[in-house]
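Q: sequence first, then the predicted structure:
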Amino acid sequence: MKKVVRLTESELINVIQRIIKEGQSEIDSILDKINRVGFDGLTPKEQSYLRHYSETGEYKDDEELVTRSQSFDYEHRFSDNIGGVDMTFKYESTEDTPDEMIHSGYLEINNDEFYGEIYCDTDGTYSTCNFEDGDGVNLFEKYEGLEHEVENFLDNVCEEIKGNEAV
């Protein structure tokens, strides 16, 4: 059972003022950082926060601040041969969250196709992935022993995506 809390008018005003003050201090902190290191020095989270505020005038909690972006205007393919294995990643989209960046798309290895995500830290550096084929078989179950090669490839994909987003 949820407990209902009733606030007086003055308590409500205090809560609203505190929220505005906290949000404004976040904006001020981001603007100070832009003065020090420039806009490109902001984290994706900071850029998203500032972009959201400038478009809406609203402050958002970290949990609420999730943006989707399509970063490329060309056919989104990354291909390489690592360790004698041909790999291609067909990029779909990137989701920026307060804690990570998630690149979604299709990964092809030896004509087998897997759909899933590449997880990166907030700076866009590869951390892990999750890909499954159409039957729900995990990439690393099917290609056991190729984890190192696949992760090297996906690390390269993340670096290229990160480089293209800066443009």
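A: Thanks, I have the structure now.

Q: any idea how far stretch 37-53 is from the chain center?
A: Offset of stretch 37-53 from its chain centre (C-alpha atoms, centre = their mean, to the nearest Å): 13 Å.

Q: quick check: end-to-end length of that stretch?
A: End-to-end distance of stretch 37-53 (C-alpha to C-alpha, to the nearest Å): 20 Å.

Q: quick check: longest strand of this protein.
A: Longest strand in the chain, counting residues (DSSP state E): strand 85-96.

Q: could you list every helix and strand in contact with that strand?
A: The helices and strands touching strand 85-96, judged by 3 or more C-beta pairs under 8 Å, 6 or more residues apart in numbering; DSSP states H and E, are helix 44-56, strand 67-69, strand 77-82, strand 101-109, helix 147-165. (C-beta placed from N, C-alpha, C; glycine too.)

Q: and Gly136, which of those is closest to it?
A: strand 101-109 (15.0 Å; C-beta to C-beta).

Q: tell me the helix or strand right after the closest one.
A: strand 112-120 (DSSP states H and E).

Q: buried set for that following strand?
A: Phe114, Tyr115, Gly116, Glu117, Ile118, Tyr119, Cys120 (16 or more other C-beta atoms under 10 Å).

Q: now do the longest strand of the chain: distance to the chain's middle.
A: That offset, for strand 85-96, works out to 13 Å (C-alpha atoms, centre = their mean).

Q: could you export it as PDB, CA atoms only?
A: In PDB, the C-alpha atoms belonging to strand 85-96 read as follows (Å, rounded to 0.1, in the frame of the first residue of the first chain):
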ATOM      1  CA  VAL A  85      37.700 -14.200 -39.400                       C
ATOM      2  CA  ASP A  86      35.500 -11.800 -41.500                       C
ATOM      3  CA  MET A  87      33.300  -9.600 -39.300                       C
ATOM      4  CA  THR A  88      30.800  -6.900 -40.200                       C
ATOM      5  CA  PHE A  89      28.800  -4.700 -37.800                       C
ATOM      6  CA  LYS A  90      25.700  -3.000 -39.300                       C
ATOM      7  CA  TYR A  91      25.000  -0.100 -37.100                       C
ATOM      8  CA  GLU A  92      21.400   1.000 -36.300                       C
ATOM      9  CA  SER A  93      21.500   3.500 -33.400                       C
ATOM     10  CA  THR A  94      23.100   4.700 -30.300                       C
ATOM     11  CA  GLU A  95      21.400   5.200 -27.000                       C
ATOM     12  CA  ASP A  96      23.100   7.500 -24.500                       C
END
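
Q: who does that strand pair up with?
A: strand 67-69 (antiparallel), strand 77-82 (antiparallel), strand 101-109 (antiparallel) (DSSP bridges).
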